[in-house]
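Colleague: my questions are about this predicted structure, shown below with the sequence.
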Amino acid sequence: MAPFPVFLFLFLAIPLAEIYFLIKIGSWIGALPTVLLVVVTAVLGATLVRYQGFATLQRLQTTLARGEMPAIEMLEGMILLVAAVLLLTPGFFTDVLGFACLFPPLRHALALWGLKRVMVAPPTGGGPFGPSSGSAPGQRTIEGEFHRDDDKK
């Protein structure tokens, strides 16, 4: 599926959903409580993203200290960035999506799903220093010593 139609749909559908929910909730609880609720969710969301971001950064540093690649932690950090943007966007629909991204098991599952989608299988026939590296199929490497004739003068 082409990304442009998807982004166009999201660009139109999300603001319309936000306006719809703001009007419905505003007519139910009033205008001022609705605005206060939007502000409170933004502040609460920013605070939670900050704490979880520091925890993810600490896990990332621990993973690096062990000599491992922190791929899951990096993807979780990106999901937290998306959560922050969603929570700071005024509206209830984006707040629900943002708070869902703050739920650690869901965030971890999303990171694993994203990691599986972008993983590239290693080439067959050896690793980076294995038998197939550095030469095309059918070529062979001859080891030996050499000297320059210019060095003897």
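Modeller: Sure, I can see it. The shown structure was predicted, so the numbers you read here are calculated from the model rather than taken from an experiment. Residues are numbered from 1 along each chain as shown.
Colleague: and Leu16, what does it touch?
Modeller: With contact taken as CB atoms under 8 Å, 6 or more residues apart in numbering, Leu16 is in contact with no other residue. For glycine as for every other residue, the C-beta is placed from the backbone atoms N, C-alpha and C.
Colleague: check which helix or strand it maps to.
Modeller: Assigned by DSSP states H and E, Leu16 belongs to helix 3-29.
Colleague: mind listing what's buried in that helix?
Modeller: For helix 3-29, a neighbour-count test (16 or more other CB atoms under 10 Å) marks 14, 18, 21-22, 25-26 as buried.
Colleague: shaky segments in this protein?
Modeller: Low-confidence segments of the chain, defined by pLDDT under 70, span residues 1, 120-138, 151-153.
Colleague: mind giving me the packing neighbours of the longest helix along it?
Modeller: If each helix of the chain is counted by residues according to DSSP state H, the longest one is helix 31-65. Packed against helix 31-65 by the contact rule (3 or more CB pairs under 8 Å, 6 or more residues apart in numbering; DSSP states H and E) you find helix 3-29, helix 71-88, helix 92-101.
Colleague: list of residues touching the last one?
Modeller: Helix 92-101 is contacted by residues 14, 17-18, 21-22, 25, 38, 41-42, 45, 48, 79-80, 82-87, 89, 106-107, 110 when judged by CB under 8 Å, 6+ apart.
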